[in-house]
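Student: Take this sequence and fold it.
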Amino acid sequence: EIVDFISFIENSVLNRKHVSERTQRNNAVTKRHLYICFNLIDKKVLNQWKAMKKHEKSANPAFFKSSKQIDFDQIDYNWIEQFHKYFLNATYTQTKRNIKTVKHYSKNFIATQIKNVKQFANEAVASGYLHNLSFRGFEASSEDADHIHLSWAEISMLKALELDPQSTFGKIRNLFVFNC
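Tutor: Purely as a prediction, here's the structure:
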């Protein structure tokens, strides 16, 4: 049953056909940030989520449940601007080689989250749930990503490496070259 924007998102995702795993993950991330940004979830539950291991989080996709709602009449330019400001101040912890680093979200990640929310809001407009269109005027800036490509000569050098095809390095090299 659709009672608010979050339930609309859940219903919209369930009714989509042929949704990739990546899109499902992106939608789950967007929804989770909506819960956090608009204080829809209890701090205790949020701390439990943060303490969970990655595999525990993926095994519990419905962990975030809230009795609070985002009413459709709340969604306007200021609402989406508040969501954007939340990301500008938000941080996450990245762990590499047992070293934890606190980082800010990239402009491109923020722009993707804004795009996702606007996409759901546009679907809500088309379905007759949302009538204020001012959110459409908000644009999040992004940066051009650096795309690094291997040349054919570099790919040939990788292919020419003499590695045992059954070794870990051999398997990784073969998969990498195959995907090139």
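
Student: Residue 101 sits in which helix or strand?
Tutor: Counting by DSSP states H and E, the element that carries residue 101 is strand 99-104.

Student: Give me the helices and strands touching the helix or strand hosting residue 44, please.
Tutor: Secondary structure here is read from DSSP H and E; on that basis residue 44 sits in helix 43-51. In terms of contacts (3 or more Cβ pairs under 8 Å, 6 or more residues apart in numbering; DSSP states H and E), helix 43-51 is packed against no helix or strand at all. No exception for glycine: its C-beta is placed from N, CA and C like everyone else's.

Student: can we see that at 10 Å?
Tutor: Identification of packing neighbours for helix 43-51 by 3 or more Cβ pairs under 10 Å, 6 or more residues apart in numbering; DSSP states H and E yields helix 21-37, helix 54-59.

Student: circling back to that earlier point, and the strand holding residue 101, average pLDDT?
Tutor: Mean pLDDT, taken over the full extent of strand 99-104, equals 92.

Student: now what about stretch 111-118, what contacts it?
Tutor: Taking Cβ atoms under 10 Å, 6 or more residues apart in numbering as the criterion, the residues outside stretch 111-118 that touch it are 5, 9, 23, 26-27, 29-31, 33-34, 37, 75, 79-81, 83-84, 86-87, 105-106, 135-136, 138-143.

Student: For PyMOL, write a command that selects the buried ones of those residues.
Tutor: Remark: buried members of the contacts of stretch 111-118, expressed as a PyMOL selection using 16 or more other Cβ atoms under 10 Å:
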select buried, resi 5+9+26+27+30+31+33+34+37+75+79+80+83+84+86+87+105+135+138+140
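
Student: on that earlier part again, to residue 68, which of the helices and strands packed on helix 43-51 lies closest?
Tutor: helix 21-37 (8.7 Å; Cβ to Cβ).

Student: residues contacting the spatially most central residue of the chain?
Tutor: Central residue check for the chain by Cα atoms, centre = their mean: the C-alpha nearest the mean position is that of residue 26, 3.3 Å away. Contacts for residue 26 were tallied using Cβ under 10 Å, 6+ apart; they are 19, 20, 112, 113, 115, 116.

Student: what does residue 95 give?
Tutor: In this structure, residue 95 makes contact with 54, 101, judged by Cβ under 10 Å, 6+ apart.

Student: Residue 107 and residue 77: what is the separation?
Tutor: Summarising the geometry, the distance separating residue 107 from residue 77, computed by Cβ to Cβ, to the nearest Å, is 20 Å.

Student: thinking again about what came up before, in terms of secondary structure, what does the strand holding residue 101 contact?
Tutor: In terms of contact count using 3+ Cβ pairs under 10 Å, 6+ apart, strand 99-104 is assigned the packing partners helix 77-89, strand 91-96.
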